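Engineer: how would this look folded up:
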Amino acid sequence: MRFSTVHFLAMLCLVSRVRSFIPRHSRVVGSRFRTLSASADIEWTTDKVRSTFVEFFEEKDHVMTPSSPCAPLNDPTLLFTNAGMNQFKPIFLGQVDPNSPLASLKRATNSQKCIRAGGKHNDLEDVGRDTYHHTFFEMLGTWSFGDYFKEEAIDMAWKLLTEVYKLDPERLYATYFEGDESVGEDVEAKEFWLKYLPADRVIGCNAADNFWEMGDTGPCGPCSEIHYDRIGGRDASALVNADDPDVIEIWNIVFIQYNRDEKGLAQLPQKHIDTGMGLERLVSILQNQSSNYDIDAFQPIFKKLEEFSKVGPYEGKLGEEDVTVKDTAYRAIADHIRTLSFAIADGAVPNNEGRGYVLRRVLRRATRYGQQILKAPPGFFQELIPTVVDVFGGAYPELVEKKDIIIEVIAEEEQAFSNMLDRGIKYFSELEDEVKADGGDVVTGDKAFYLYDTLGFPIDLTELMAEEAGLSVDVKGFANEMEAQKKRSREARAAAKSGGAPRLELIAEQTAALSDDGVLATDDSFKYKWDVELPATVMSIYGPDGFVEKGSAAQPGDFVGLVLDKSSFYAEAGGQEADLGTLRILDEAGDVVGLFDVRDVQSYGGFLLHSGLLEEGTLEVGAVVNCRVDYDRRRQIAPNHSMTHVLNAALREVLGDSVEQRGSLCNDEKLRFDFSNKKAMNIDQLRKTEEICQKVVADSLSVTAKTMPLAEAQEIDGVRAVFGEVYPDPVRVVSVGDDTSIEFCGGTHISNTAEAEAFVLVEETAVAKGIRRISAVTRDAAVQAKKEGEKFETLVAEVEALGVDTPDLDKQAGAVRKDVDAAFISAVVKAELRARIEGIQKKANEAKKAALAQRVDKIMNVVKEEVEEAIAAGRKTLVLNVDIAADSKASQKITNAVKKIAPELAFLGLSEEEVGSGGKIAAFALVPTSAIENGLKADEWIRATLEVCGGRGGGRPENAQGQAPECSDVEAVVAAAENFASSKVSSGVQ
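Structural biologist: Presented below is the predicted three-dimensional model:
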């Protein structure tokens with residue numbers, strides 16, 4: 001039975017650790033804040049607690065595995081790293097590459113940077129309101145992968161807590177799984193705890209508290225929690241897991257020993273240990289603080305924040321005592337500045353999608369608390385960053401390295417939200433009036449969602465303003481709107497990715513089953529060979545409902561995945577799309593009896609799953625097939641991949657060493673490269689980058705690959721690796737030329753850059769704040785793009801050669817501009833052509849203005865004569881069609897002249913943008929006070945006139961203007977103007 005990696009992670013990374021960091025109670029207590037003395041006087045500083053934990057387990061043969069980024073840029077299944085085990089996901093899923101360093105890992109320990117904001121488990125709204133919720137926290141963790149189990153895990157936990165940290169054993173309590181109808185009592189864990197604790201402090205609990213499961217199916221097992229009584233000197237066993245704020249869980253030890261499927265529970269072939277202990281929680285106990293926010297790590301941040309607060313220092317008040325919400329604001333801001341600093345240092349940035357949107361929400365929440373509650377000036381938030389760096393930079397040097405970038409990103413976001421805050425307040429004020437005018441008292445979910453989604457207004461701010469206005473917010477409706485949007489996004493992503501076919505995936509249950517059946521990892525060494533037809537044997541068939549049993553067969557039309565003993569197909573990895581092709585099914589005589597269309601190839605724990613459609617024949621385990629890769633397609637992909645390496649090197653040469661790869665895509669159509677850069681590249685930078693890549697193609701440099709030990713490869717001067725990527729050992733090193741590019745890469749490449757034939761950079765655009773994307777093409781697509789560019793260069797040159805007095809020169813240039821914008825050509829050439837076209841348009845417009853000025857001078861004489869004739873005839877109104885190309889400045893000049901010559905004359909002018917074209921027409925009117933008193937008003941006159949041709953206008957009674965986009969009968973418009981005037985003024989009309 002297939003189950004999802006996303007589902008597995010949602011539980012494995014989150015549910016098993018919820019209790020190890022955040023208590024189940026939500027009781028709010030009064031202030032017990034006391035200021036800590038200088039860190040030098042504290043025995044157990046945060047830094048010391050962290051380092052002591054890691055060193056203890058290193059002495060127990062655990063490998064210190066550095067914290068993975070809290071923003072997992074290479075794992076789209078996670079918004080943020082929310083537990084220490086995230087980076088060990090391939091081990092738990094049974095998908096670890098046999099050559100990966102993780103494959104040989106038996107014991108591990110670290111302090112993991114974690115963020116819990118957004119997604120299913122989201123603490124954002126609670127942060128600041130109590131003493132223990134955080135969006136950023138550190139998780140002290142240990143792991144055993146098929147090595148030691150319950151007894152050793154409990155022994156080490158007890159020794160660390162009581163002998164090293166010297167917690168009072170009389171205050172410690174342990175829980176274990178008491179058993180249910182499905183699983184028996186965890187007698188082992190109970191007996192191991194009884195070595196250290198009396199029976200009344202070893203407490204059996206139900207599955208809700210002490211049995212961890214990922215969901216309906218998958219790895220699972222009992223867990224054991226360690227609780228600490230802050231008060232002591234009493235029997236607190238009845239308060240364990242009873243939501244008491246003084247009897248708190250500090251450590252959770254998960255015993256992953258079962259696998260659940262549709263048949264029930266079965267023992268896993270390997271048993272694992274996964275433990276987690278919140279660093280801030282442990283430090284609060286060791287420093288004898290009742291609040292996580294009272295520990296040494298937060299005090300410098302509070303002190304710095306006090307410099308900007310105009311409502312006083314932090315006092316640690318909670319609930320009803322915190323009347324002004326001041327201390328809530330302090331806690332939220334201190335938490336949020338940590339979250340933003342660590343996330344940005346790890347490469348994430350606030351934006352409108354995914355984790356970036358969550359970070360933007362966090363930042364805006366902090367900014368609102370600071371400006372509205374603490375009365376801090378705009379820009380205060382960025383000023384806290386140096387303090388965060390000072391506090392945590394020793395343990396996490398990336399904060400020091402990225403300090404300037406963090407400040408720059410937050411400063412820009414903070415400024416942007418200050419503007420949006422004003423817009424949101426204005427919208428809410430109008431909304432408040434609307435709701436009350438209708439006799440209501442609820443801000444509907446869709447309106448709240450508009451504030452959130454369009455104006456960037458956090459829902460908590462909307463709720464606060466609603467409360468102040470005597471309104472409430474339909475939070476459920478808001479949540480429904482939010483979920484509807486997420487559902488639309490999920491469905492769109494899933495449809496785009498799968499093309500409608502089921503997605504097949506092997507995780508721990510399946511890879512373990514394959515190993516148990518004696519199936520070896522697929523030999524994919526043939527993927528680097530070209531134009532081979534490789535015979536292989538089908539070792540397993542996997543479908544949407546699980547493995548196809550031996551003796552059964554897949555039928556024509558079935559969409560299944562095949563595991564082969566060997567394969568020449570490249571499985572998707574490193575940004576390169578998988579090979580496509582066919583598998584020819586052979587009978588015992590070697591004749592073709594069937595055909596399997598390979599549509600995707602993925603690697604799971606060394607097993608290559610060839611997913612596709614069985615088009616002809618039947619297929620059983622043991623069948624022999626011929627692998628036929630679509631090498632023509634691969635020949636389009638390979639140069640794109642090799643030139644991605646060259647592009648990476650070129651960008652570093654042009655933009656500097658700060659450029660970091662943030663993602664890539666190489667397929668048969670293009671190459672796409674995401675990289676860190678603060679702003680858009682200018683045309684000179686784009687040109688230089690493209691020229692470097694084109695020269696590498698022209699120089700016919702060799703592209704070579706060598707496999708070597710990872711440690712040796714990491715010592716190569718100038719070698720490049722992707723931030724956050726885990727590489728196998730040994731690793732493949734791909735070099736272009738002698739030193740043009742050297743990267744770790746398992747992809748397929750050309751042997752010489754000349755095979756790329758050509759290179760064209762077709763686009764440079766933004767992906768997110770601080771992340772840019774370049775798209776480029778090679779071979780035939782690049783050659784065609786060059787030809788198209790040359791064609792447009794010729795066309796623009798022809799337009800440039802036209803005289804400035806050429807009729808409609810600006811329109812001709814505009815038409816060419818539209819074609820250039822849509823053209824598939826070099827981004828450099830496109831930018832240059834746009835600049836040249838803008839030059840043509842500028843000259844044409846200047847010529848038009850000069851011609852219009854001359855024409856206006858002549859028209860002024862005509863208008864003067866018409867006005868004087870009207871005055872002589874005793875007329876009080878005049879309508880004229882004037883040839884001024886509907887120019888607003890010219891119309892103003894005419895009305896001023898009329899007012900000067902005949903101040904008592906009501907005048908309306910009409911002007912076509914292009915005489916006789918049937919296009920745009922403008923109208924402008926001037927009415928003296930005497931005519932207004934008689935009933936003729938300029939704004940009404942304009943509207944009545946333009947109504948004939950579907951136009952609109954407005955203004956004041958004394959002067960007005962308007963226009964219509966189209967007018968095929970100017971005479972009818974003139975007549976309408978004259979008729980309206982005559983109906984209002986008794987004297988004759990010209």
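Engineer: Quick one: mean pLDDT for stretch 567-584?
Structural biologist: Stretch 567-584 shows a mean pLDDT of 95.
Engineer: Stretch 682-689 now?
Structural biologist: Mean predicted confidence for stretch 682-689 is 96.
Engineer: The closest residue to Glu912 other than its chain neighbours: neighbouring residues, count only.
Structural biologist: Excluding the flanking residues, the one nearest Glu912 by C-beta to C-beta, 6 or more residues apart in numbering is Ile921, at 5.2 Å. Using the backbone N, CA and C atoms, a C-beta is placed for each residue, glycine as well. Other residues near Ile921 number 26, with proximity taken as other C-beta atoms under 10 Å.
Engineer: And Ala199, by the same measure?
Structural biologist: 10.
Engineer: How about Tyr357?
Structural biologist: Using other C-beta under 10 Å, Tyr357 is surrounded by 17 other residues.
Engineer: Secondary structure element holding it?
Structural biologist: Applying DSSP states H and E as the criterion places Tyr357 in helix 354-368.
Engineer: Following the chain onward from that helix, which element is next?
Structural biologist: Criterion used, DSSP H and E; the element after helix 354-368 is helix 385-392.
Engineer: from the middle of its chain, how far away would that following helix be?
Structural biologist: 25 Å (C-alpha atoms, centre = their mean, to the nearest Å).
Engineer: What are the buried residues along that helix?
Structural biologist: Ile385, Thr387, Val388, Val389, Val391, Phe392 (16 or more other C-beta atoms under 10 Å).
Engineer: From Ser429, how far out is the nearest residue to Phe457 once chain neighbours are set aside?
Structural biologist: With C-beta to C-beta, 6+ apart as the criterion, Phe457 has its nearest non-adjacent residue at 3.8 Å, and that residue is Leu451. Computed with C-beta to C-beta, to the nearest Å, the distance linking Leu451 and Ser429 is 12 Å.
Engineer: between these two, which one's more packed in?
Structural biologist: Taking other C-beta under 10 Å, Leu451 and Ser429 do not tie; Leu451 has more neighbours (24 against 12).
Engineer: could you turn the helix or strand encompassing that one into PDB, dropping everything but the C-alphas?
Structural biologist: Here Leu451 sits within helix 445-453, counting by DSSP H and E. Extracted in PDB, the C-alpha atoms of helix 445-453 (Å, rounded to 0.1, in the frame of the first residue of the first chain):
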ATOM      1  CA  GLY A 445     -14.300  36.100   6.200                       C
ATOM      2  CA  ASP A 446     -13.800  37.300   2.600                       C
ATOM      3  CA  LYS A 447     -13.200  40.900   3.700                       C
ATOM      4  CA  ALA A 448     -10.700  39.700   6.400                       C
ATOM      5  CA  PHE A 449      -9.000  37.500   3.800                       C
ATOM      6  CA  TYR A 450      -8.800  40.500   1.400                       C
ATOM      7  CA  LEU A 451      -7.000  42.500   4.100                       C
ATOM      8  CA  TYR A 452      -4.700  39.500   4.600                       C
ATOM      9  CA  ASP A 453      -4.100  38.400   1.100                       C
END
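Engineer: and it with helix 354-368, angle?
Structural biologist: 90 degrees (axes from the mean of the first three to the mean of the last three C-alpha atoms, to 10 degrees).
Engineer: Whichever helix or strand comes after helix 445-453: how far from the chain's middle?
Structural biologist: Using DSSP H and E, the helix or strand that follows helix 445-453 in sequence is helix 459-468. Centre-to-centre, helix 459-468 and its host chain are 27 Å apart (C-alpha atoms, centre = their mean).
Engineer: What is whichever helix or strand comes after helix 459-468 packed up against?
Structural biologist: Counting by DSSP H and E, the next helix or strand C-terminal to helix 459-468 is strand 472-473. Judged by 3 or more C-beta pairs under 8 Å, 6 or more residues apart in numbering; DSSP states H and E, the packing partners of strand 472-473 are strand 442-443, helix 459-468.
Engineer: so what strands line up beside the first one?
Structural biologist: In its sheet, strand 442-443 lies beside strand 472-473 (parallel), with partners assigned from DSSP bridges.
Engineer: How far away from the center of its chain is the strand it pairs with?
Structural biologist: 30 Å.
Engineer: Residues touching it, excluding its own?
Structural biologist: Asp441, Val442, Val443, Gly445, Ala448, Ile459, Thr462, Glu463, Ala466 (C-beta atoms under 8 Å, 6 or more residues apart in numbering).
Engineer: thinking again about what came up before, ok, the residue nearest to Phe457 touching Tyr427?
Structural biologist: Yes: counting by C-beta atoms under 8 Å, Leu451 touches Tyr427, with 6.6 Å between them.
Engineer: For Asp565, give me its contacts.
Structural biologist: Leu520, Thr522, Asp523, Ala536, Thr537, Met539 are the contacts of Asp565 under C-beta under 8 Å, 6+ apart.
Engineer: can I get those in a markdown table with neighbour count?
Structural biologist: Output for those, formatted as a markdown table (neighbours: other C-beta atoms under 10 Å):
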| residue | neighbour count |
| --- | --- |
| Leu520 | 14 |
| Thr522 | 23 |
| Asp523 | 15 |
| Ala536 | 22 |
| Thr537 | 13 |
| Met539 | 20 |
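Engineer: Which of these sits closest to Lys876?
Structural biologist: Using C-beta to C-beta, Thr522 is the member of the contacts of Asp565 that lies nearest Lys876, at 95.0 Å.
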